[in-house]
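Chemist: Structure for this input, please:
(one chain, ligands or ions: 3)
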Amino acid sequence: MENKVQLLQPLTHIAFIMDGNGRWAKKRGLPRYLGHKEGCERIIEVFDLCKEYGVKVCSFYAFSTENWNRPKDEIRHLFNYLEAFFKREIDHLMRDGVRVVISGDMSRLPVKTQNTCKKAIEQTKNNTNYVMNICLNYGSRDEIVHASKEIATEVKEGSLKIDDITEELFSNHLYTKGLPDVDLMIRTSGEERLSNYLLWQNAYSEFVFTPVHWPDFKRDAFEDALKEYNNRQRRFGGLK
Ligand code: IPE
Ligand code: IPE
Ligand code: MG
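Modeler: Numbering: from 1, shown residues only. Ligands and ions are numbered 1, 2, ... in the order given. Predicted coordinates for the structure are as follows:
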């Protein structure tokens, strides 16, 4: 492919905020849920693009802890599409050696959704080529509180000393345990905020915001984001 972007710096983990499904649908005179349907189609396509560029880990923000504030019907549709996504793509993910991770509090999800997620996690647990991290009922603040409680419990029970609490140990209590920090965070639909997404993991990532709505986020928009990333100078607090 002659127009392929040449990556100029390491890019291991991309985190997407898949935003704009509702506005995409509204623009077409369609109900919001059809935006989610179309949006779910993009997940595997964008994941494949990432693979093509050698990106090993992709995170997708699918449902936030704040999204419970939406109409029940919209939420139901969204979970149904996510379930259908896993059922449809599981063979594809297995073939490519993709490990599925779900970040978030799964216990609040409908049982059917929980079971589909657990099945995907179990089936792909030994895959080592790539990681697909779906953030579902995910909120960074919830994640940090959850990690703090786990750590506090270990200290209370005597299995952990306060002096042993390091950044690395803390990371290993997050939903994303074992995954590398985010290198590039891409949010679609023109909103320029984090909306409680991977606050810890995005500490030193590059942010790219695109006006394109998630259902329209295809190769061109993705490669534009890579070009923007190429132009960033990552200093991590040092000098270059
Ligand atoms: C993102 O699209 C998907 C979820 C938040 C679940 P939205 O549904 O937020 O779409 P807009 O922002 O209303 O257009
Ligand atoms: C963030 O999008 C959550 C997901 C994409 C799942 P929202 O549309 O919920 O975020 P806000 O409310 O505009 O900040
Ligand atoms: Mg939105």
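Chemist: Point out the residues in this protein that sit beside ligand 2.
Modeler: Proximity of the chain to ligand 2 is assessed by Cβ under 6 Å from any ligand atom, with I17, M18, D19, Y61, A62, F63, S64, N67, E191, R193, S195 identified as the residues in range. The C-beta positions use only the backbone N, C-alpha and C, and glycine is treated the same way.
Chemist: show me what contacts the residue in the chain that ligand 2 sits nearest to?
Modeler: Going by Cβ to the nearest ligand atom, ligand 2 is nearest to S195 of the chain, at 3.7 Å. S195 makes contacts with I17, D19, Y61, S64, E66, as judged by Cβ atoms under 8 Å, 6 or more residues apart in numbering.
Chemist: 7 Å instead, please
Modeler: Residues counted as contacts of S195 (Cβ atoms under 7 Å, 6 or more residues apart in numbering) are I17, S64.
Chemist: repeat for A203
Modeler: Residues touching A203, when contacts are defined by Cβ under 7 Å, 6+ apart, comprise D181.
Chemist: Skipping adjacent residues, who's closest to L194 in space?
Modeler: Spatial nearest neighbour of L194, chain neighbours left out: N202 (6.9 Å); criterion: Cβ to Cβ, 6 or more residues apart in numbering.
Chemist: Kindly report the same for G104.
Modeler: Excluding its sequence neighbours, the residue lying closest to G104 (Cβ to Cβ, 6+ apart) is Y138, at 3.5 Å.
Chemist: How many neighbouring residues does the residue in the chain that ligand 1 sits nearest to have?
Modeler: Closest approach between the chain and ligand 1, counting by Cβ to the nearest ligand atom: G22, at 2.8 Å. A total of 21 residues lie near G22 under the criterion other Cβ atoms under 10 Å.
Chemist: wait, is it part of a strand?
Modeler: No: when the secondary structure is assigned by DSSP: H, G, I helix; E, B strand; the rest coil, G22 falls in helix instead of a strand.
Chemist: ok, it touching G35?
Modeler: Yes: applying Cβ atoms under 7 Å as the test, G22 and G35 come out as touching, 5.3 Å apart.
Chemist: What helices and strands are in contact with the helix or strand harbouring V131?
Modeler: Of the helices and strands defined by DSSP states H and E, V131 is found in strand 130-138. With contacts defined as 3 or more Cβ pairs under 7 Å, 6 or more residues apart in numbering; DSSP states H and E, strand 130-138 has these neighbours: strand 57-64, strand 98-103.
Chemist: Can you list the strands that the shortest one pairs with?
Modeler: Taking DSSP bridges as the criterion, strand 98-103 pairs within the sheet with strand 130-138 (parallel).
Chemist: which residues are in contact with the strand it pairs with?
Modeler: Residues outside strand 130-138 that contact it (Cβ under 7 Å, 6+ apart) are 47, 51, 56-65, 93, 96-106, 108-109, 175-176, 179.
Chemist: And stretch 142-155, by the same measure?
Modeler: Counting by Cβ under 7 Å, 6+ apart, residues outside stretch 142-155 touching it are T65, D105, L160, I162, I165, F170, H173, L174, Y175, W200.
Chemist: now stretch 228-240
Modeler: Here stretch 228-240 makes contact (Cβ under 7 Å, 6+ apart) with L7, L8, Q9, L11, L184, Y204, E206, V208.
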